[in-house]
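1. Quick one, structure for this:
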Amino acid sequence: FAMLLAAVVTSDLISEDLANSSFVLYFSRALKIRDYLAGKAAGALLVMGIFCALPPVIVAFVSLLTQTGDDYWHSLGVLGETALVGGLVTLFFVPFGLMISSFTRRKSYAAVGTFMSFFVLFVVSNVFYEFDKGWRIISPIDSLSILFTWLFEGDVPSYINEGALVAIVASLIIVPAAVVYFRLTRQVVGK
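-> Next up is the predicted model:
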């Protein structure tokens, strides 16, 4: 669901500005690229957070309020972990969607490109999983699932390297954000 939502939410954030040549308007004033991206990302993160982070946090909070036991500290820990996981899901998909949106002027291409990129990684992961189970972390969905298991239960499957897992998740957040920044820098300089 988060993958589809990110594809829809981020598809027109930059592509529409490219199609309408709005960069001239945005950057003719003192607006900096980081401010532009912060605004676009904040809007996408808000929408993603409403659908991906808020519902699990509400469920965890209601469970905390209605629990029959008296171990509230443990329940507060679960609430905190749930908020962390919801925030990570929200943050995970937005930079990649913004990156794909910065490559095209058509929002439909951006939406399909975002979804298909994640889907292709899932397919590649499943193909190579037959040879080595460690390839499972190439799939964004599987890498998030394994990371959440690690956060909640404290262990990962023996065939998963924790460093590689963190590197994959971090690279799927940081690299797309950097690509978007540098693409927009080139776009603005090229006015």
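
2. so where's the chain shaky on pLDDT?
-> Filtered on pLDDT under 70, the chain yields the residue ranges 24, 27-28, 189-191.

3. ok, now which ones touch residue 49?
-> Each residue near residue 49 by CB atoms under 8 Å, 6 or more residues apart in numbering is listed here: 86, 87, 90. The way it works is simple: take the backbone N, C-alpha and C, and place the C-beta from them, glycine included.

4. Which stretches in this protein count as helices?
-> Along the chain, the segments classed as helices by DSSP state H run 2-10, 15-19, 23-27, 33-52, 54-65, 72-102, 107-129, 140-153, 162-190.

5. Can you tell me which of these is packed in deepest?
-> Scoring the helices of the chain by mean neighbour count under mean count of other CB atoms under 10 Å gives helix 2-10 as the most buried, with a mean of 22.

6. now that helix, how far from the centre of its chain.
-> Helix 2-10 has its C-alpha centroid displaced from the chain centroid by 9 Å (CA atoms, centre = their mean, to the nearest Å).

7. ok, residues contacting it?
-> By CB under 8 Å, 6+ apart, the residues outside helix 2-10 that reach it are 44, 47-48, 51-52, 89-90, 92-94, 96-98, 100-101, 110-112, 114-115, 118-119, 140-141.

8. what angle sits between it and helix 140-153?
-> Angle of helix 2-10 versus helix 140-153, following axes from the mean of the first three to the mean of the last three CA atoms, to 10 degrees, is 120 degrees.

9. Only C-alpha atoms, please: export helix 2-10 in CSV.
-> Provided in CSV are the C-alpha atoms of helix 2-10 (Å, rounded to 0.1, in the frame of the first residue of the first chain):
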residue,chain,number,x,y,z
ALA,A,2,2.8,2.4,0.9
MET,A,3,4.5,1.7,-2.4
LEU,A,4,1.4,2.6,-4.4
LEU,A,5,0.6,5.6,-2.2
ALA,A,6,4.1,7.0,-2.7
ALA,A,7,3.9,6.5,-6.4
VAL,A,8,0.6,8.5,-6.5
VAL,A,9,1.6,11.2,-4.0
THR,A,10,5.1,11.9,-5.4
